[in-house]
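*Asks:* Got a sequence here, can you build the structure:
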Amino acid sequence: MRKIILITGGQRSGKSKRAEELALSLSPTPVYVATAHVWDEEFRERVRRHQERRGPQWTNIEEEMHLSRHDMTGRVAVVDCVTLWLTNFFFENNDVDQTLQTVNAEFERFTKPDATYIFVTNEIGSGGVSDNAVQRRFTDLQGWLNQYIAAKADEVILMVSGIPVKVKD
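*Replies:* This next block holds a predicted model:
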């Protein structure tokens, strides 16, 4: 049976840790799909800390864009994170409508098989409005994608200071 869980929240709210704990409670051998493009040494260190936190029971996949290349049938998969995944598409094509259409279609292809999908995303629109036009376009895009995934999700969890708050069950 297919199940989609969305975990959202602000930076350093405990989203990834919660997703990993949830995945391990559902499977002894979950899959971790890392969508990050490593831009610099600070980010490389952040990725290393995330990897260190996970043990050998995890299957790790690095996939910046085309999640549907990987068949998750029967597995529990954490996709961390939607924001970085979306960024990879947005850098390739700065058109908001086209990017949203492309990412929505890729989401549908990836989540078609029966599996448990745990998506981690950011609530970047909860802060102030940027004075940068590109950032505002991306914030809108992120909000629309979050809404799309939340509508498809069976569960939505908002992380607040390390505390999971059920939004949709």
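
*Asks:* who's in contact with stretch 92-100?
*Replies:* Stretch 92-100 has contacts (C-beta atoms under 8 Å, 6 or more residues apart in numbering) with 65, 86, 89-90, 102, 134, 137, 140-141, 144-145, 148. Backbone N, C-alpha and C define where each C-beta goes, glycine included.

*Asks:* how does it look with 6 Å?
*Replies:* Residues outside stretch 92-100 that contact it (C-beta atoms under 6 Å, 6 or more residues apart in numbering): 89-90, 137, 141, 144.

*Asks:* With stretch 1-8 instead?
*Replies:* Stretch 1-8 has contacts (C-beta under 6 Å, 6+ apart) with 15, 18-19, 114, 116-121, 123, 149-150, 152-158.

*Asks:* Check the offset of that stretch from the chain's centre.
*Replies:* Mean-position distance between stretch 1-8 and its chain equals 11 Å (C-alpha atoms, centre = their mean, to the nearest Å).

*Asks:* and it, average pLDDT?
*Replies:* Average pLDDT, stretch 1-8: 96.

*Asks:* could you dump it to CSV, C-alpha only?
*Replies:* Written as CSV, here are the backbone C-alpha positions of stretch 1-8 (Å, rounded to 0.1, in the frame of the first residue of the first chain):
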residue,chain,number,x,y,z
MET,A,1,0.0,0.0,0.0
ARG,A,2,1.3,3.4,-0.9
LYS,A,3,1.7,6.0,1.8
ILE,A,4,3.0,9.6,1.6
ILE,A,5,4.2,11.5,4.6
LEU,A,6,5.3,15.2,4.5
ILE,A,7,7.4,16.6,7.3
THR,A,8,7.8,20.4,7.1
